[in-house]
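Novice: Quick one: sequence plus predicted model below, questions after.
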Amino acid sequence: MKVLIKIFKVLIKFFTSIRLAIILLIILAVASVLGTLIPQQRGLEEYAARYGQLSGLLIRLQLTRLYHSIWYLAILGLFALNIVVCTLTRLSPKWRKAVKPHVQVEAKSLLALKIKDRYKNNAPLSAVKAELEKSLAASRYRLRSAGQDSKVHLLARKKILGIFGSDVVHLGLLIILAGGIVSGLTSIRKELALKEGETLSVPKASFELRLDKFTTEYYPDGSVKAWKSAVTVIENANPVLAKTIVVNKPLTFRGYSFYQASYGWNWDNPAVEIWSKKKNDPSFLKKLKLKVGEQVPLDDKEQTSISVARFIPDFVLGEGNEPQTRSLQPNNPAAFVEGFRGGEKIFSGWIFANFPDMDRIHAAQETDLSFELKGYEAGQYSVLEAAKDPGANLIWIGCILTMLGLALAFYWPHWEIKAVLEESQGKTEVVAGGIAAKNRDSFQAEFEKIMTSARRTP
Amino acid sequence: MSESTLFVITFILYILSAFYYLGFLFSKKPNSAKTGSALAVAGLIIHTAALIVRTVESGHAPFTNMYESLSFLSWASVLAFVIIDRKFKIPKIGPYIMLIVIGLVALASSPLMPKEATPLVPALQSYWLWLHVSVTLLGEAFFAVAFITSIMYLAAREADKKEKWDSVSYRCVAVGFPLFTLGGLVFGMVWAYKAWGTYWSWDPKEVWSLITWIVFALYLHTRIVMGWKGKRSAVIAIIGFLAALFTYFGVNYLLAGLHSYA
Ligand code: HEM
């Protein structure tokens, strides 16, 4: 038992130490720098390419997911424990000082202070005391006194809350850390990719979300101005809420928030616009709009008909020169055009929207037709992020407390004036001293003002 | 008057201010410092007008690209200097602050920085942009003043001067730290939550703000609890400002992340 108590005491002492806090803060800072130099949470190949032999070690040390690594979280945990122990052990003496202050101090100890004063008045103690109390009260000090008729101790204080500023900051930080833990353990986050008209159920919730309309607005220069998703919340098959979600303006419902996260193209069934020309006949121009897979007549003398067999939004040649798409964005749209006469395929090839001069039509028979890919239409889908984060409210409470505590710690300085008044032979001697942890210059000015005005004999 | 004209006038006033402050540094004539200060205030007023015109013309907050953000940072630095100088009478740092400000304004005016107000991408269309960036940069401006007064501390020889620089540095951190906490961390988290649904994503700019914040927390604790003052405090304040500087420039140019548009 004794050993346990001893261990406990050593631990408390360890965690009370501000040196530990400083060491932990330095480790956190250095580790965080490391995390910004090593790219985080990438694929194995990327690390192998970047760091070669070293990559295995980095991964084993969890340096590639540093902020979620066990050791980083452990340091944060120690840090939290440090704040708890450190703040609590200092809190009770502070509290005692605030509610049961020590009023009876000796003149000698006041004279040892930097900010002090002493004067003698030819008046009885009660009059001198009244005058001193009046000028202290005029500067908004709260007074306490103790002592007998011939010797009185005075304690004047203001803004006592200021001494708790750092505790409020530390409490706020703890709540923020707690909020982080709650978020890490309980937050739900899922991307819902919705086509217009589609309804998806929200994970772990009893309602569904339907996308009614998705629009992208552009600035005159072509850059995106806004993505707008008009959605309806559906609960028990009934629409209960309709709202348009924009970036920075999420929809919130039953603890969930829905954010405009991104958008994408639905390339399932695109429509393509193709212009056909003849090299030898400048007046010949046919504009065709057709779906992929559809065959339409070109209306020329030879009764050619055209179809688009494939459409690729972001054309690249993959392995074995196989055409494939690099992304779902229309960065390099390409269509595979086929031409038929009398049921027989006579030519086929890729045409590119971005490279109108590069048609790669291979013809079985002589043809002077050329094609340009002029446009494409595909449905867009909207990606909404459904998020539920019960930790967030703790974060906001913690932030408010932290800011409140900072305001108290820096801008609500606790000032204290102590005085001893002693009467002998009809004269009263006053010894006063002032204590300020912050803003000593302004305090000194105020102290002098109070003393000058209290000095005047009534 | 157009924003660019106002900006040029601002630039000239800041240069004149630096000129008079430098004169003060060599001649020690108090009048020279007074003129320098008056010119800095005049520049600040015209600069404020330039920022307002820019905001009205573009219809959005004046810190959405590097040019605007540099202009705002130099404005905040002059403001922080003027405030601290009013209170503590430290014309000696005038020349250094004004030279840094001229450097920032020159960088903003250089052809490297596109000046057109571009339309806002959807993620920036929020009044949290105002709160987040303006309060953060104001906090960093006070760190900048603390940086210079800390260097002055290290350079000073007489004990009473050293004490003054030390105490002014602390007062700058006492203003800068709450502002930086509010703007950089709290408003940043609120905005991220509004825009992306997460208040913290360990993006490099966020992490570097955290590092800067930790350095200044170290400054406060070593000072208050361990009684470190003077040299060691000055060194920590200098490191803190360098971290803030890296958060501002380095992250944009050297590391990639969510904040790369700003
Ligand atoms: C990054 C995290 C922290 C921040 C932002 C922070 C913030 C603050 C602030 C603003 C003050 C008031 C300073 C002043 O009055 O000038 C303070 C004081 C203090 N802090 Fe922290 N703190 C942090 C972590 C810690 C930790 C981990 C400990 C635990 C050992 C600690 C122990 C103290 C102590 C003992 C004081 C003096 C308090 C007093 O009695 O007024 N702090 N802190």
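Specialist: Everything's here; your move. Residues are numbered from 1 along each chain as shown, chains lettered A, B, ... in the order given.

Novice: Does A:Leu401 belong to a helix, a strand or coil?
Specialist: Counting by DSSP: H, G, I helix; E, B strand; the rest coil, the backbone at A:Leu401 sits in helix.

Novice: so B:Phe147 touches B:Ala237, yeah?
Specialist: Yes: using CB atoms under 8 Å, B:Phe147 makes contact with B:Ala237 at a distance of 6.4 Å. (Each C-beta comes from the backbone N, C-alpha and C, glycine too.)

Novice: pLDDT of stretch A:19-28, averaged?
Specialist: Per-residue pLDDT over stretch A:19-28 has a mean of 92.

Novice: Kindly report the same for stretch A:322-340.
Specialist: Rounded mean pLDDT across stretch A:322-340 is 87.

Novice: Repeat that for stretch B:42-60.
Specialist: For stretch B:42-60, the mean confidence score works out to 90.

Novice: Please see if it touches chain A.
Specialist: No: Stretch B:42-60 is not in contact with chain A by CB under 8 Å from any CB of the partner chain; minimum separation 11.6 Å.

Novice: contacting residues for A:Val85?
Specialist: Contact partners of A:Val85, counting by CB atoms under 8 Å, 6 or more residues apart in numbering or on different chains, are A:Ile12, A:Phe15, A:Thr16.

Novice: Would you show me how to pick out the buried ones of the residues you listed in ChimeraX?
Specialist: In ChimeraX, a selection of the buried entries from these looks like this (16 or more other CB atoms under 10 Å in any protein chain shown):
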select /A:15,16
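
Novice: would you list the contacts of A:Val85 in a markdown table and tack on secondary structure?
Specialist: Output for the contacts of A:Val85, formatted as a markdown table (three-state DSSP):
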| residue | secondary structure |
| --- | --- |
| A:Ile12 | helix |
| A:Phe15 | helix |
| A:Thr16 | helix |
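
Novice: which one of the contacts of A:Val85 is nearest A:Asp357?
Specialist: A:Phe15 (73.7 Å; CB to CB).

Novice: Near the closest residue to the ligand within the stretch 101-250 of chain A, how many other residues are there?
Specialist: Here the residue of the stretch 101-250 of chain A nearest the ligand is A:Ser166; by CB to the nearest ligand atom that distance is 3.4 Å. Residues lying near A:Ser166 (other CB atoms under 10 Å in any protein chain shown) number 21.

Novice: Name the nearest residue to it, ignoring sequence neighbours.
Specialist: Nearest non-adjacent residue to A:Ser166, counting by CB to CB, 6 or more residues apart in numbering or on different chains: A:Ala409, 5.2 Å away.

Novice: give me the number of residues near the one you found?
Specialist: 24.

Novice: from what I can see it touches A:His170, true?
Specialist: No: at 10.2 Å, A:Ala409 and A:His170 do not qualify as touching, with contact defined as CB under 8 Å.

Novice: Give me the next element, helix or strand, following the helix or strand containing the residue nearest to A:Ser166.
Specialist: A:Ala409 belongs to helix A:391-411 when assigned by DSSP states H and E. For helix A:391-411, the succeeding helix or strand toward the C-terminus, using DSSP H and E, is strand A:415-424.

Novice: Give me the sheet partners of the helix or strand just after that next one and which way each runs.
Specialist: As assigned by DSSP H and E, the chain's next helix or strand after strand A:415-424 is strand A:427-436. With DSSP bridges as the test, strand A:427-436 is paired with strand A:115-121 (antiparallel), strand A:415-424 (antiparallel).

Novice: Quick check: which helices or strands does the helix or strand hosting the residue of the stretch 101-250 of chain A closest to the ligand pack against?
Specialist: Element membership of A:Ser166, judged by DSSP H and E, is helix A:165-186. For helix A:165-186, the packing partners by 3 or more CB pairs under 8 Å, 6 or more residues apart in numbering or on different chains; DSSP states H and E come out as helix A:70-99, helix A:391-411.

Novice: And the chain, split by domain according to the record?
Specialist: Picked chain A for this. Using automatic domain parsing, the domain ranges for chain A come out as A:2-95, A:101-159+A:416-454, A:171-266+A:382-403, A:269-376.

Novice: my bad, chain B
Specialist: According to automatic domain parsing, the domains of chain B span B:1-117, B:121-262.

Novice: right, quick check: the longest one against the ligand, any contact?
Specialist: Yes: if you take CB under 6 Å from any ligand atom as the test, domain B:121-262 does meet the ligand, through B:Ile214, B:Ala217, B:Leu220, B:His221, B:Ile224, B:Val225.

Novice: any chance of these in a markdown table, with secondary structure and neighbour count too?
Specialist: Shown next, in a markdown table, are those (DSSP: H, G, I helix; E, B strand; the rest coil; neighbours: other CB atoms under 10 Å in any protein chain shown):
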| residue | secondary structure | neighbour count |
| --- | --- | --- |
| B:Ile214 | helix | 19 |
| B:Ala217 | helix | 20 |
| B:Leu220 | helix | 19 |
| B:His221 | helix | 18 |
| B:Ile224 | helix | 15 |
| B:Val225 | coil | 16 |
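
Novice: got CSV for these, with distance to A:Leu76 and pLDDT too?
Specialist: Formatted as CSV, the residues of domain B:121-262 next to the ligand follow (distance: CB to CB, whole Å; pLDDT from 0 to 100):
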residue, distance to A:Leu76, pLDDT
B:Ile214, 12, 97
B:Ala217, 14, 96
B:Leu220, 19, 95
B:His221, 17, 93
B:Ile224, 23, 84
B:Val225, 21, 79
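
Novice: For the nearest residue to B:Leu129 once chain neighbours are set aside, give me its contacts.
Specialist: Leaving aside its chain neighbours, B:Leu129 sits nearest to B:Ala61 (5.2 Å; criterion: CB to CB, 6+ apart). Shown in contact with B:Ala61 (CB under 8 Å, 6+ apart): B:Thr55, B:Leu129, B:Trp130, B:Val133, B:Ser134.

Novice: Tell me the residues of the stretch 51-200 of chain A that contact chain B?
Specialist: Checking the stretch 51-200 of chain A against chain B by CB under 8 Å from any CB, the hits are A:Tyr67, A:Ser166, A:Gly180, A:Ser183, A:Arg189.

Novice: quick one: low-confidence ranges for the chain?
Specialist: Answering for chain A, as no chain was given. The model of chain A has pLDDT under 70 over residues A:359, A:364-365, A:457-458.

Novice: my question was about chain B
Specialist: Using pLDDT under 70, chain B drops low at B:117, B:252-262.

Novice: Quick check: phi and psi at A:His153.
Specialist: Note on A:His153: backbone dihedrals following degrees, to the nearest 10 are phi -110, psi 140.

Novice: And for A:Arg341?
Specialist: Per degrees, to the nearest 10, the backbone of A:Arg341 is at phi -130, psi 130.

Novice: And for it, the neighbour number?
Specialist: Neighbours around A:Arg341, by other CB under 10 Å: 17.

Novice: Contact partners for the residue lying closest to it once chain neighbours are set aside?
Specialist: Counting by CB to CB, 6+ apart, A:Arg341 lies nearest to A:Thr304, which is 5.5 Å off, once chain neighbours are set aside. By CB under 8 Å, 6+ apart, A:Thr304 lies in contact with A:Pro297, A:Leu298, A:Gly339, A:Phe340, A:Arg341, A:Ile346, A:Leu369.

Novice: would you list those in TSV and tack on secondary structure?
Specialist: As requested, the contacts of A:Thr304 are arranged in TSV below (three-state DSSP):
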residue	secondary structure
A:Pro297	strand
A:Leu298	coil
A:Gly339	strand
A:Phe340	strand
A:Arg341	strand
A:Ile346	strand
A:Leu369	strand
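
Novice: Which among those residues count as buried?
Specialist: A:Leu298, A:Gly339, A:Phe340, A:Arg341, A:Ile346, A:Leu369.

Novice: which among the residues you listed gets closest to the ligand?
Specialist: Distances from the ligand to those, taken by CB to the nearest ligand atom, are shortest for A:Gly339, at 71.0 Å.

Novice: sorry, back to before: I'd assumed A:Ala407 was in contact with the residue of the stretch 101-250 of chain A closest to the ligand.
Specialist: No: A:Ser166 is beyond contact range of A:Ala407, at 11.9 Å (criterion: CB under 8 Å).
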